[in-house]
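Visitor: fold the following, please.
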Amino acid sequence: MNKLGLKLWSINENYAKIVEDAYNQEQFDFIELYALPNTYNETIKYWTHLKKLIPFKIHAPHFMHGVNFSDKNNYDNNFKLIEDAFKFADSLDADTIIFHPGIAGDYKESAIQMSKIKDNRATLENKPYKLEISKTSTLKKGDTSVGAKFSEVVYILENTTLSFCLDIGHSVATSNALNLDIYDELNKFNRLNPKHYHLSDGDINSDIDLHYNIGEGNYDFNKLFKIINDDIPITIESNKNSNENLDDFITDLRKLKPFMNRN
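Guide: You can find the predicted model right below:
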């Protein structure tokens with residue numbers, strides 16, 4: 001059976017205090033921690049006491065926090081901003097560090113820069129093609145993600161030593177944006193032997209990745225779990241509506257488990 005994980009940010013002290021109770025209540029399997037740049041020194045104390053109980057995986061910072069491997073002019077900045085991701089991974093004994101390839105640039109440049117990441121934990125995540133430009137002033141109309149198209153993901157993987165993380169919602173949104181068959185594309189991506197999955201609910205007809213809680217969208221999880229490989233970790237990336245508890249995540253966890261048991 002797939003292991004299921006909780007997505008948190010390194011600055012989530014509010015959740016760090018209640019994670020152990022949530023783990024004991026529901027026995028999820030790991031935490032995927034988004035390593036905000038320059039937060040290691042002040043936040044690692046929130047997490048180190050948990051690693052004896054709960055395994056960790058790390059998500060490196062992405063475009064929203066300054067990292068863009070597809071921009072050759074951002075090379076030095078990229079590698080400064082991801083330094084803390086490796087520190088978190090080392091301190092928390094993580095076996096995975098997930099990276100986004102970039103936005104509004106050249107996928108071949110992404111491959112060049114990401115080939116410099118000489119770490120067997122490094123993992124490439126596919127992206128949604130269409131961007132919500134309202135979320136940052138640095139994007140303009142017509143900008144798209146690098147590593148959304150299957151061919152770009154293949155190129156980057158072939159020209160780096162990175163493994164692959166398949167984000168289901170990103171693939172669905174990209175398929176809709178490019179008028180491709182959703183399940184054909186998911187099966188193609190899945191043939192790249194992902195070592196990790198990201199999953200939430202969403203609108204199966206939308207070209208935007210919505211991160212709905214499980215059951216709030218119209219994804220067909222019976223179909224999805226026929227594609228998802230067994231025994232590969234899945235991070236649940238749906239919304240959390242409270243800073244006081246992890247009830248949304250626990251509900252999502254409970255709703256997903258029956259689909260997994262049908263494999």
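Visitor: tell me where this protein has helices.
Guide: Counting by DSSP state H, the chain has helices at residues 13-16, 19-26, 40-47, 75-81, 83-91, 107-114, 150-158, 168-177, 182-190, 221-227, 247-261.
Visitor: so which of those is the most surrounded?
Guide: Mean neighbours per residue, mean count of other CB atoms under 10 Å, is largest over these for helix 168-177, with a mean of 24. C-beta: built from backbone N, CA, C; applies to glycine.
Visitor: which strands or helices does it pack on?
Guide: helix 182-190, strand 196-199 (3 or more CB pairs under 8 Å, 6 or more residues apart in numbering; DSSP states H and E).
Visitor: poorly predicted segments of this protein, please.
Guide: 133-137, 261-263 (pLDDT under 70).
Visitor: correct me if wrong: K240 contacts D252.
Guide: No: using CB atoms under 8 Å, K240 makes no contact with D252, being 9.5 Å away.
Visitor: any idea how many residues pack against the residue nearest to L92 when sequence neighbours are not counted?
Guide: Nearest non-adjacent residue to L92, counting by CB to CB, 6 or more residues apart in numbering: F56, 3.9 Å away. When counting by other CB atoms under 10 Å, one arrives at 22 neighbours for F56.
Visitor: do I have it right that F56 meets I97?
Guide: No: checked against CB under 8 Å, the pair F56 and I97 is beyond contact range at 10.4 Å.
Visitor: quick check: neighbours shared by these two?
Guide: Shared contacts of F56 and I97 (CB atoms under 8 Å, 6 or more residues apart in numbering): A89.
Visitor: coming back round to it: using CSV, lay out the helices of the chain together with distance to G5.
Guide: Converted to CSV, the helices of the chain look like this (distance: least, CB to CB, whole Å):
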stretch, distance to G5
helix 13-16, 13
helix 19-26, 11
helix 40-47, 14
helix 75-81, 23
helix 83-91, 15
helix 107-114, 23
helix 150-158, 22
helix 168-177, 14
helix 182-190, 19
helix 221-227, 16
helix 247-261, 10
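Visitor: nearest to T144, of the ones you listed?
Guide: Minimum separation from T144 across the helices of the chain (CB to CB) falls at helix 168-177, 8.3 Å.
Visitor: so who does the most centrally placed residue in the chain touch?
Guide: Nearest to the geometric centre of the chain sits H198, at 5.4 Å (CA atoms, centre = their mean). Residues in contact with H198 (CB under 8 Å, 6+ apart) are E125, C165, L166, D167, I168, G169, H170, I234, T235, E237.
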